[in-house]
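Chemist: fold the following, please.
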Amino acid sequence: MSVGDTQLSGTVLCIEDEPVCMALVEVILAQHPAVRLVKATGGRDGLRLARSEHPDLVLLDMKLPDISGLQVVRELSELIAERALRVVLLTSDSFSIDVVKALSLGAQEYWHKPLTSERLTVGLSRALEAVRRPGP
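Modeler: This next block holds a predicted model:
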């Protein structure tokens, strides 16, 4: 089955302050009516929405205007550990110590910016499929 054949479903919270990146996420997810997109442009708002909206997946910019992506992961680490939340880091930096720390706290992957439509589509498909699979 190709990525285009996959029926993506679930709730995605995108915590991103870069309008171009957010617009790309919106365009890609608009092609998948069974995916609900929740948006935040700052870490504190993202934390509130992660707790109230119960997303399946969080796309998290590591550099936010109010608090760092690493702090967001720290705050969500209990939900991540309970497998109630899957987090993908978005970063324009090369592999950094903050990415290493966030991965050690439970974030599952990191995607390097700038994101492309293909990278985002393939990554979202993989991440949302992983949410549906039971596992250790």
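Chemist: and the contacts of stretch 29-37?
Modeler: For stretch 29-37, the external contacting residues (CB atoms under 8 Å, 6 or more residues apart in numbering) are 7, 8, 9, 10, 11, 12, 14, 25, 26, 124, 128. Using the backbone N, CA and C atoms, a C-beta is placed for each residue, glycine as well.
Chemist: kindly recompute the last result at 10 Å.
Modeler: Applying CB atoms under 10 Å, 6 or more residues apart in numbering, the external contacts of stretch 29-37 come out as 4, 6-14, 22, 25-26, 28, 53, 55-57, 59, 117, 120-121, 124-125, 128.
Chemist: next, the buried residues of that stretch.
Modeler: Of the residues in stretch 29-37, 29, 32, 35, 37 count as buried by neighbour count, 16 or more other CB atoms under 10 Å.
Chemist: now that stretch, how far from the chain's geometric center?
Modeler: Stretch 29-37 sits 14 Å away from the centroid of its parent chain (CA atoms, centre = their mean, to the nearest Å).
Chemist: mean confidence score for it?
Modeler: Regarding stretch 29-37, the rounded mean pLDDT is 94.
Chemist: how about it as PDB, C-alpha atoms only?
Modeler: Taking Å, rounded to 0.1, in the frame of the first residue of the first chain, the C-alpha atoms of stretch 29-37 are listed here in PDB:
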ATOM      1  CA  LEU A  29      -3.600  17.300   6.600                       C
ATOM      2  CA  ALA A  30      -6.500  18.900   4.700                       C
ATOM      3  CA  GLN A  31      -6.100  15.900   2.300                       C
ATOM      4  CA  HIS A  32      -7.000  13.500   5.100                       C
ATOM      5  CA  PRO A  33     -10.500  14.300   6.400                       C
ATOM      6  CA  ALA A  34     -10.200  11.800   9.200                       C
ATOM      7  CA  VAL A  35      -7.300  13.800  10.800                       C
ATOM      8  CA  ARG A  36      -8.200  16.600  13.100                       C
ATOM      9  CA  LEU A  37      -5.600  19.400  13.300                       C
END
